[in-house]
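**Student:** Requesting a structural model of the entry that follows:
(one chain, ligands or ions: 3)
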Amino acid sequence: MQNDSLTGLLGFEDFLSLAGAVICDNSKAYLIAAADVSDFHFININHGYDTGDAVLCDIADFIKLYLPNVVYACRSHSDHFIALINIENIDSERVFNETYRLKERLKEIISKRAEGISPNINVGIYFVQSEETNIIAAVDKANVARRTSKGNYKLPCVVFSEHLMDIKENSAKILPLFDDSFRNEAIRVYLQPKISSETKKVVGAEALSRLIDAEGNVIPPAKFIAALEKTGKIVELDFYVLTYICKLIRKWLDNGIEPITISFNLSRMHFYSKTLVEDIFELVEKYNVPPQYLEIEVTESVFFEAQDLIVRKVKELRDYGFKVSVDDFGSGYSSLSLIGVLPVDVVKLDKSFVKESLKSPKGSDIMRGLINILNEIHLEIVCEGVETKEEEKVINDCGCDEVQGYLYDRPIPTDEFEAKYIKA
Ligand code: C2E
Ligand code: MG
Ligand code: MG
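**Tutor:** Ligands and ions are numbered 1, 2, ... in the order given. Got it, this is the predicted structure:
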C-alpha cells in the first residue's frame, strides 16, 4: 500500500481497489464525493508552491478529522480529492446541508492559509446505486457531477444523474451561448396571459424565458433548462427573469398602470442556496415592487425532494407577501394529502393532466372532483395548456378559476404583450 506522500491519504490506485471491494457489498448505502478547489493554480502562483502544498494538507486533515462516515479517501491527483462515504440512515437533505456547512468551514481554513483567497470548492456527488459494482465508473460519475458544479457559487454540490450524461453534449452547445447571453441580450423574457374563467379578462401572466442563438433562432426552454439546472446556472437565469419583471412592474406603477400579477418559475436548484429568500427580498426591495404583484411557481416534484427545507423557504417567501403556486400538478407524483399542508395559494394543473382528463367522461369527473377538493381548501386553480373552446368549456364547468393556453395566446415578447393587454 502506498499512501500519498504529501497528504498521507490513500493513493488513487489503492483507493480504487479498497473502495471497489466495499461497493460490491450492496447491503449498505454509499456515496462517492469528488472535490477540487476552483483555480487552485492561483494559490500556487500567488502564494508559492509551499502554501499550495500546505493547503492540500489542510484539506486532507479536514477530510480525516471532520468529514463524517468516510470509509476511504484519497487524493487522486493535484487538488482532486475523492471519498467513499457511508450514508446509512442519512437523507439527501442532510447531505446537502452538511456539504454546505463543511465547504464553508474548509473555505475558511484555506483563506487563513492563503490570505486574500476565498476559493470555491467544487463538489460532485454520486449516490452509489445498488447495482453499481464498477468503482471506476462510479468515480467517473462523481467527477462528471463535480465538473458541472464549477462556476456555481451558490449551490453546495451537484448530484449525478443519468440525465447529466445525456445533457453533456447539449450543454457543450448551450452553455457558451448562455454565458454570452447576458451581454448580448440573447435571453428574452416572454409573457403568456392567464385569463379569468369568470370575466374572461387577463388577470395575470407567466414569465417564460427564451434563448436567442447567433442566427437569431429562438431556442425553447426544453433545450436549455436541464443544462442550466445541472450546472447551477439556472439560478442566474431565474434572477435575470425576476429582475426583468420587477423592472417591468416598476415601469407600470410609475406610469400609473395597475399591474397584473406576474409569475416566474423558480428552479429546484435555488432551494439549496442559503441566501435564496434574502436575495429575492433584496431584489424586490431594490425596485420597490409590492410583493403581491409577484407569484412564484415551484414545480410539484420539488416539494417531494427535501420537503422540510423547501416548505420552510416557501413559507418565508409567502409570509413576505408573494403568491406561491404548485406548478405542473398532475404531471408526476401528485399527492392530495401533501397539497393540503403546503404553504401555497395556487395549484396549476399540468397540461398533460388536463389533456388526459378531457379524453373521457370519467377523466372529466376526476378533474371536477379534484377541482372541488382544491376549492374546498381555498386554493386557486389554473389550468395550463387549454387549446380549444371545447376544452375551456369543460374546464370552466369543473370550476377552474383561470386558464392559460394557446386558446388565448402563446407566450409572446413583452412589448407585444404590453401592446395587447396592458392599457395605459
Ligand atoms: P411551465 O412553467 O409549466 O410553463 C408552461 C409551459 O406550457 C410553457 O412552455 C408554455 O409555453 C406551455 N404552454 C402554455 N399553454 C400551452 C398550450 O396551450 N399548449 C401547449 N402545448 N403548451 C402550452 P415553455 O415556455 O416551453 O416552458 C417550458 C418549461 O420550462 C416551463 O414549464 C418551465 O418549467 C420551464 N421554464 C421556462 N422558462 C423558465 C425560466 O425562466 N426559469 C425556470 N426555472 N424554468 C423555466
Ligand atoms: Mg410555470
Ligand atoms: Mg406548468
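
**Student:** centroid residue for this protein?
**Tutor:** Against the mean C-alpha coordinate of the chain, by C-alpha atoms, centre = their mean, the closest residue is M269 at 2.1 Å.

**Student:** Test my guess that that residue contacts A226.
**Tutor:** No: in this structure M269 lies outside contact range of A226 using C-beta atoms under 8 Å: 11.2 Å. Every residue, glycine included, has its C-beta placed from N, CA and C.

**Student:** Quick one: name the residues of this protein near ligand 3.
**Tutor:** Residues of the chain lying near ligand 3 by C-beta under 5 Å from the ion: D327, D328, E384.

**Student:** of the residues you listed, closest to K201?
**Tutor:** E384 (18.3 Å; C-beta to C-beta).

**Student:** contacting residues for that closest one?
**Tutor:** Residues in contact with E384 (C-beta atoms under 8 Å, 6 or more residues apart in numbering) are D328, K348, L349, D350, K351, V354, Q404, G405.

**Student:** Tabulate those residues (a markdown table), appending neighbour count.
**Tutor:** Shown next, in a markdown table, are those (neighbours: other C-beta atoms under 10 Å):
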| residue | neighbour count |
| --- | --- |
| D328 | 23 |
| K348 | 26 |
| L349 | 30 |
| D350 | 21 |
| K351 | 19 |
| V354 | 24 |
| Q404 | 24 |
| G405 | 23 |
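
**Student:** from the residues you listed, which has minimum pLDDT?
**Tutor:** Lowest pLDDT within these is found at V354 (87).

**Student:** Mind giving me the packing neighbours of the helix or strand hosting that residue?
**Tutor:** Element membership of V354, judged by DSSP states H and E, is helix 351-357. Other elements packing on helix 351-357 under the criterion 3 or more C-beta pairs under 8 Å, 6 or more residues apart in numbering; DSSP states H and E are helix 361-376, strand 380-384.

**Student:** right, and these - which one's nearest ligand 1?
**Tutor:** Among the helices and strands packed on helix 351-357, strand 380-384 comes nearest to ligand 1, with 5.6 Å by C-beta to the nearest ligand atom.

**Student:** so what strands line up beside that closest one?
**Tutor:** Strand 380-384 pairs in its sheet with strand 346-349 (parallel), strand 402-404 (parallel), by DSSP bridges.

**Student:** so who does D36 touch?
**Tutor:** With contacts defined as C-beta under 8 Å, 6+ apart, the neighbours of D36 are S78, D79, H80, F81, I121, N122, R146.

**Student:** Any idea what it is bridged to?
**Tutor:** Here D36, judged by DSSP bridges, has bridge partners N122.

**Student:** Show me the shaky parts of the chain.
**Tutor:** Scanning the chain for pLDDT under 70 picks out the ranges 151-154, 163-164, 166-169, 182-184, 304-307, 332-334, 424.

**Student:** all strands for the stretch 51-200 of the chain, in order.
**Tutor:** Assigned by DSSP state E, counting those that start in this stretch, the strands in the stretch 51-200 of the chain fall at 70-77, 80-86, 121-127, 158-159, 187-196.

**Student:** what's the fourth one packed up against?
**Tutor:** What that stands for is strand 158-159. Contact partners of strand 158-159 among helices and strands, from 3+ C-beta pairs under 8 Å, 6+ apart: strand 121-127, helix 135-148.

**Student:** 10 Å - rerun?
**Tutor:** Packing contacts for strand 158-159, counted by 3 or more C-beta pairs under 10 Å, 6 or more residues apart in numbering; DSSP states H and E, involve helix 92-113, strand 121-127, helix 135-148, helix 221-231.

**Student:** Nearest to ligand 1, out of those?
**Tutor:** Comparing the helices and strands packed on strand 158-159 by C-beta to the nearest ligand atom, helix 221-231 comes nearest, at 3.4 Å.

**Student:** For burial, what's the neighbour tally of I45?
**Tutor:** 11 (other C-beta atoms under 10 Å).

**Student:** Perfect, that will be all.
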